[in-house]
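Engineer: Just to be clear, the model below is a prediction. Sequence and coordinates:
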Amino acid sequence: MKQFRNAVIRAGLGALYFSGAHHLLRPIFAGVGAVFMLHHVRPAREMAFQPNRHLEVTPEFLRVVLAHLRSRDIDIVTMDEVHRRLVERDFSRRFASFTFDDGYRDNRDFALPVMREFDAPFTVYVASDFAEGSGRLWWIALERAIAKASAIEIGFAGAPTRLDATTPAAKQAAYDRLHDWLRALPTEADLRREIGALCARHGIDEAAICRELCLSWDELKPFAREALVGIGAHTITHCNLAGQSEAVAMEEMAQSRARIETALGRSVTHLAYPYGDRIAAGQREFALARAAGFKTAVTTRPGMMFRESADHLTALPRVSLNGNYQDARILPVLTSGAATAMWNGFRRVDAA
């Protein structure tokens, strides 16, 4: 199903580009700017089974994106500057801001050199447990378990089920089914229990994945001193905030901020909601982020910045730079706002 959806999205982006419709929609839906969302930046990998490919782009594609924005005379700004322009209604120039979720080491090793080429600032949202080396990147653990296996045995609603994993296509189908099932479990404890059992059966060291991929506090300290680098909060555990009690959700936001500020010795005023979609961040979470004192908080809901976004500073949308669509031709479509407008049913703001 996800493969089909990706094909439909790719076809839709292509149709907007080749029809030229994005030129007509740009004056209405380009807005005043965009916040771009990324996770990994690293060289392309050749494995046939890469279910998390959408979370990574190559340094070359990032370079193409930055060159495109510079060619259009779009300001590349910090999240502090995004906040200032929205609050002060300073819309004299269009802007773009780059944000990276989770705190991966490749943000330092591969993204930073490219951003330096363009003197482009960016924000990295750090989950404090990831920086401490104790976090659980369960979506990557799931990928690695399925990559090793020829079959996956799991209990759906108490019924033992065997999923084929003999081919890349079968592995992808198994991943999609398990990923959606895990996201839908009632609690974070349920998710941790199930992914922990799966990792144990297939010999995956879940804790080691975090230490392998994420920047430690010792690595973050010099990274955060880079002139172009801003640091934001991404909760403690990278949990689904909407699935937590109000007290726990507030603690996840506020304590992650406190931990980062203590470790790095700098103020943290911007937040990214883990997962960031409708089932992970809604009106309650937007209010909690305001109460916790964050200037801005970003979701994963797709959308451009508009003048009205100033009224929803803790519910800001982003434009995903998706690894499945690394094609320079789609960049004029993305910056036109046409793609996100169609996704949102032509609503300018989606903050409900």
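Structural biologist: Yep, it's here. Here the structure is a predicted model, which is why all the values come from computation and not from measurement.
Engineer: CA atoms for contacts and neighbours, from now on please.
Structural biologist: OK.
Engineer: residues touching the closest residue to residue 232 other than its chain neighbours, list them.
Structural biologist: Nearest residue to residue 232 in three dimensions, chain neighbours excluded: residue 125, at 4.3 Å (Cα to Cα, 6 or more residues apart in numbering). Residues in contact with residue 125 (Cα atoms under 8 Å, 6 or more residues apart in numbering) are 99-103, 231-234, 271-272.
Engineer: One more: residue 268?
Structural biologist: Counted by Cα under 8 Å, 6+ apart, residue 268 has contacts 231-233, 257, 260-261, 294.
Engineer: Can you tell me the element it falls in?
Structural biologist: Residue 268 is part of no helix or strand, with elements assigned from DSSP states H and E.
Engineer: could you point out where this protein is predicted with low confidence?
Structural biologist: 1-11, 17 (pLDDT under 70).
Engineer: What strand or helix carries residue 31?
Structural biologist: Residue 31 belongs to no helix or strand, assigned by DSSP H and E.
Engineer: list the buried ones in stretch 26-34?
Structural biologist: 26, 29-34 (16 or more other Cα atoms under 10 Å).
Engineer: again, but for stretch 225-245
Structural biologist: By neighbour count on 16+ other Cα under 10 Å, the buried set for stretch 225-245 is 228-243.
Engineer: Return the subset of the residues you listed lying in strands.
Structural biologist: Counting by DSSP state E, the part of the buried residues of stretch 225-245 found in strands is 229-233.
Engineer: Closest one to residue 68 out of those residues, please.
Structural biologist: Closest approach to residue 68 among those (Cα to Cα): residue 229, at 21.0 Å.
Engineer: follow-up on the earlier one: the residue nearest to residue 232: which element?
Structural biologist: strand 122-126.
Engineer: What segments of this protein are strands?
Structural biologist: Using DSSP E, strands in the chain cover 33-38, 40-41, 56-57, 75-76, 95-102, 122-126, 151-156, 159-164, 229-233, 270-272, 296-302, 316-320.
Engineer: Which of the ones you listed sits closest to residue 177?
Structural biologist: Across those, closest to residue 177 is strand 159-164 (Cα to Cα), at 9.3 Å.
Engineer: Other residues contacting the closest one?
Structural biologist: By Cα under 8 Å, 6+ apart, strand 159-164 touches 150-155, 170-171, 174.
Engineer: Would you format those residues as a markdown table with distance to residue 247 and neighbour count included?
Structural biologist: Below are the contacts of strand 159-164 laid out as a markdown table (distance: Cα to Cα, whole Å; neighbours: other Cα atoms under 10 Å):
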| residue | distance to residue 247 | neighbour count |
| --- | --- | --- |
| 150 | 42 | 14 |
| 151 | 40 | 18 |
| 152 | 36 | 21 |
| 153 | 36 | 13 |
| 154 | 33 | 16 |
| 155 | 32 | 10 |
| 170 | 41 | 17 |
| 171 | 38 | 26 |
| 174 | 35 | 20 |
